[in-house]
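Asks: Below is the sequence, then the predicted model.
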Amino acid sequence: MSISVNALFFAAYRDLVGTGEIAVELSPGATVGDLVQALRARGAPFDGLPEQPAVAVNRTYAFLDEPLAADDEVAFIPPVAGG
Amino acid sequence: MIEAEVTTDVIDPTEVLSRVGDDAHGAALLFVGVVRDHADGRPVTGMRYDAYVEMAQPELARIADEAAARLGTDALVVVHRTGELDIGEVSVAIAASSPHRAESFDATRYVIEEIKKRVPIWKKEHYADGRDGWVAGVVPPGTGLSASGGAP
């Protein structure tokens, strides 16, 4: 049994990985940090993502130890520069 | 009246200002952010704003609500644009009005500073030499290792 979450990439991260969205299968109980590790373990270009990126889970900023549930939306947020 | 928008439409600052104001308000203030033609001495020809719109919109609304609650104004409008902008185009407009000037100055300042800290919007500068580059930003609060583990 695994859960699927949606990883979103914006701006510099989107340029890096070449896509805005991918589905990732994780073990139940996985955290945001586990998702980051799973992606980076895929090798290039995903290993170019930071080990400790800023993320938002379901559109709210979150820490890397936050547990994930099926169908969560996890956005990788490069340093922001609005205004 | 508190309003927050992320839009791809051209921003008309006068229209944004016209949405605030009240017979009981003696001050109305408008902040306008504009795309400039240089960055660190390098000529810039335009700018692309990208946003995580589904999150940027509510985050912008939250900031406007905070400004209203903390700084004592009930008339505040903020509009942020995304997409390709030319030099001189308006990227953000913030209007506030209040019975006295201090609240409007404080509220507009609060909103622009918080936008820069935490709204998921990014900009890519287009340089005169044909290259482009993402503008260095800031890591928003509330992310990183853990609530007790500090920032990344």
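Replies: Yes, it's here. Numbering: from 1, shown residues only, chains lettered A, B, ... in the order given.
Asks: Can you give me every residue that contacts residue 36?
Replies: I'll assume chain A. Contacts were defined as Cβ atoms under 8 Å, 6 or more residues apart in numbering or on different chains; by that measure residue A:36 touches A:49, A:51, A:52, A:53, A:55, A:64. Just so you know, the C-beta spots here come from the backbone N, C-alpha and C atoms, and that holds for glycine as well.
Asks: Please refer instead to chain B.
Replies: Taking Cβ under 8 Å, 6+ apart as the contact definition, residue B:36 lies against B:44, B:87.
Asks: In the chain, where is pLDDT below threshold?
Replies: Here I'm looking at chain A. By pLDDT under 70, chain A contains no weakly predicted segment.
Asks: should've been chain B
Replies: B:148-152.
Asks: all helices of it, in order?
Replies: Along chain B, counting by DSSP state H, helices occupy B:13-18, B:53-71, B:101-118.
Asks: Count the residues that sit near residue 60.
Replies: All of this is about chain A. Residue A:60 is surrounded by 13 other residues when neighbours are defined as other Cβ atoms under 10 Å in any protein chain shown.
Asks: Can you look at chain B instead?
Replies: That count, for residue B:60 with other Cβ under 10 Å as the rule, works out to 27.
Asks: and if you look at the one 4 residues further on?
Replies: Residue neighbour count, defined by other Cβ under 10 Å, stands at 24 for residue B:64.
Asks: Please settle this for me: is residue A:42 part of a strand?
Replies: No - using DSSP: H, G, I helix; E, B strand; the rest coil, the secondary structure at residue A:42 is coil, not a strand.
Asks: and the gap between it and chain B?
Replies: Distance, residue A:42 to chain B, by Cβ to the nearest Cβ, to the nearest Å: 21 Å.
Asks: so how far is residue A:9 from that residue?
Replies: When distances are taken as Cβ to Cβ, to the nearest Å, residue A:42 and residue A:9 turn out to be 13 Å apart.
Asks: These two - which one has more neighbours?
Replies: residue A:9 (24 against 13).
Asks: Just give the nearest non-adjacent residue to residue A:79, would you?
Replies: Here the nearest residue to residue A:79 in space, its sequence neighbours aside, is residue B:137; by Cβ to Cβ, 6 or more residues apart in numbering or on different chains that works out to 3.3 Å.
Asks: Looks like that neighbour contacts residue A:77 (just checking).
Replies: No - the criterion here is Cβ atoms under 8 Å, and residue B:137 misses it with residue A:77 at 9.4 Å.
Asks: okay, the two: which has more neighbours?
Replies: residue A:77 (26 against 21).
Asks: My read is that that one contacts residue B:120, right?
Replies: Yes - with contacts defined as Cβ under 8 Å, residue A:77 counts as touching residue B:120 at a distance of 5.5 Å.
Asks: shared neighbours of those two, anything?
Replies: A:10, A:56, B:52, B:140.
Asks: correct me, but residue B:115 touches residue B:92?
Replies: Yes - taking contact to mean Cβ under 8 Å, the distance of 6.8 Å between residue B:115 and residue B:92 places them in contact.
Asks: Would you mind telling me which of those two has the busier surroundings?
Replies: residue B:92 (26 against 23).
Asks: neighbours around the closest residue to residue A:76 other than its chain neighbours, how many?
Replies: Nearest non-adjacent residue to residue A:76, counting by Cβ to Cβ, 6+ apart: residue A:13, 4.8 Å away. Neighbour count of residue A:13, defined by other Cβ under 10 Å: 23.
Asks: Quick one: residues contacting residue A:13.
Replies: Residue A:13 is in contact with A:49, A:53, A:76, A:78, counting by Cβ under 8 Å, 6+ apart.
Asks: Helix or strand for it, just tell me which one.
Replies: When secondary structure is defined using DSSP states H and E, the element that contains residue A:13 is helix A:11-17.
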